[in-house]
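# model this:
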Amino acid sequence: MKKYILSAVIALSTLSLSAQTDRPGDIDKSVLLGFEYEINAGINIGGASPLPLPAEIRKINSYSPHLNLLIGTTVTKWFGPESKQSKWGISAGLRFETKGMETDATVKNYGMTIIQDGKKLSGKWTGRVQTKYHSQQLAVPINAVYRINNRWKVNFGPYIAYAFSNDFDGYVYEGYLREGDPTGNKVSFEDDARATYDFGDDLRKFQWGVQCGGAWRVFNRLSINANLTWGLNDIFNKSFKTVTFNMYPIYLNLGFSYVF
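Here you go, the predicted structure:
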């Protein structure tokens, strides 16, 4: 993934610095019909979070957004007889992206299934929880686009995504597990003792949500972009009951585009 992003960054930088004005014939013809093509690259900053924070999560001790990279392409169709002057358009994109984070939290009566000495124990955890979330996805956004002027445009619309790689794991420490419910048998973890958990197989493959943002045309062919993507379905499968609250992927994408 990092190699692909690095290649895209080098390619986009070379294209923008060369300030080429010639385009392949087929693209040039389609531009006259109101089509606009972009190659995109950037990073995602955010995480998967319940809204609002539930009572079980007492404190967020640390948070790391990780380096979440993306690369993709966008095609925009501008409407109207004079496409270069059109205010409204519609865009469709395809992007390969990563979403992830790492957190450490203090919780109380938090639903948990841990692995201790090769055995699974389920119940309510009170103490510290270290969590790592990582997902590689193919996303398809379809947005309405409004051009404010020759340099600024904004967009809003839905997206769907398919996750072909999912991880949600970590460990618990400095606390205790009540098996079954808050009054069940107490299993304590003190000093350096810890137990792991892995909910990766319980994450959804398909996600959907909305995104909104804008782009600023810095040069003739180079734009800087910012988009907020907000997932509207829980990252976990509906059948997963261990974590008792929904978690939604919320990410800010910052990047740039080469415009044909």
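
# Can you verify residue 201 is assigned to a helix?
Yes: judged by DSSP: H, G, I helix; E, B strand; the rest coil, residue 201 forms part of a helix.

# neighbours around it, how many?
Neighbour count of residue 201, defined by other Cβ atoms under 10 Å: 10. Backbone N, C-alpha and C define where each C-beta goes, glycine included.

# check contacts around it.
Applying Cβ atoms under 8 Å, 6 or more residues apart in numbering, we find residue 201 in contact with residue 166.

# Next, find the distance separating it from residue 68.
Residue 201 sits at a distance of 22 Å from residue 68 (criterion: Cβ to Cβ, to the nearest Å).

# And for residue 210?
Taking Cβ to Cβ, one finds residue 210 at 19 Å from residue 68.

# So those two - more neighbours on which side?
Taking neighbours as other Cβ under 10 Å, residue 210 and residue 68 compare with residue 68 leading, 22 against 15.

# correct me, but that one touches residue 99?
Yes: using Cβ atoms under 8 Å, residue 68 is in contact with residue 99, at 5.6 Å.

# between those two, what contacts are shared?
Contacts common to residue 68 and residue 99, judged by Cβ under 8 Å, 6+ apart, are 44, 251.

# What residues sit buried inside stretch 34-50?
34-49 (16 or more other Cβ atoms under 10 Å).

# What is the lowest-pLDDT residue among those?
When the buried residues of stretch 34-50 are sorted by pLDDT, the bottom entry is residue 34 at 77.

# how about low-confidence regions in this protein?
1-33, 81-84 (pLDDT under 70).

# Phi and psi next, for the most far-flung residue of it relative to its centre.
Most distant from the centre of the chain: residue 185, at 38.4 Å, with distances by Cα atoms, centre = their mean. Phi and psi for residue 185, reported as degrees, to the nearest 10, are phi -60, psi 140.

# Find the nearest non-adjacent residue to it, please.
Nearest residue to residue 185 in three dimensions, chain neighbours excluded: residue 179, at 4.5 Å (Cβ to Cβ, 6 or more residues apart in numbering).

# what residues are up against the one you found?
121, 122, 123, 185, 186, 187.

# Adding secondary structure and distance to residue 234, write those residues out as JSON lines.
JSON lines is the format used below for those (DSSP: H, G, I helix; E, B strand; the rest coil; distance: Cβ to Cβ, whole Å):
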{"residue": "121", "secondary structure": "strand", "distance to residue 234": "24"}
{"residue": "122", "secondary structure": "strand", "distance to residue 234": "19"}
{"residue": "123", "secondary structure": "strand", "distance to residue 234": "21"}
{"residue": "185", "secondary structure": "coil", "distance to residue 234": "30"}
{"residue": "186", "secondary structure": "strand", "distance to residue 234": "30"}
{"residue": "187", "secondary structure": "strand", "distance to residue 234": "28"}
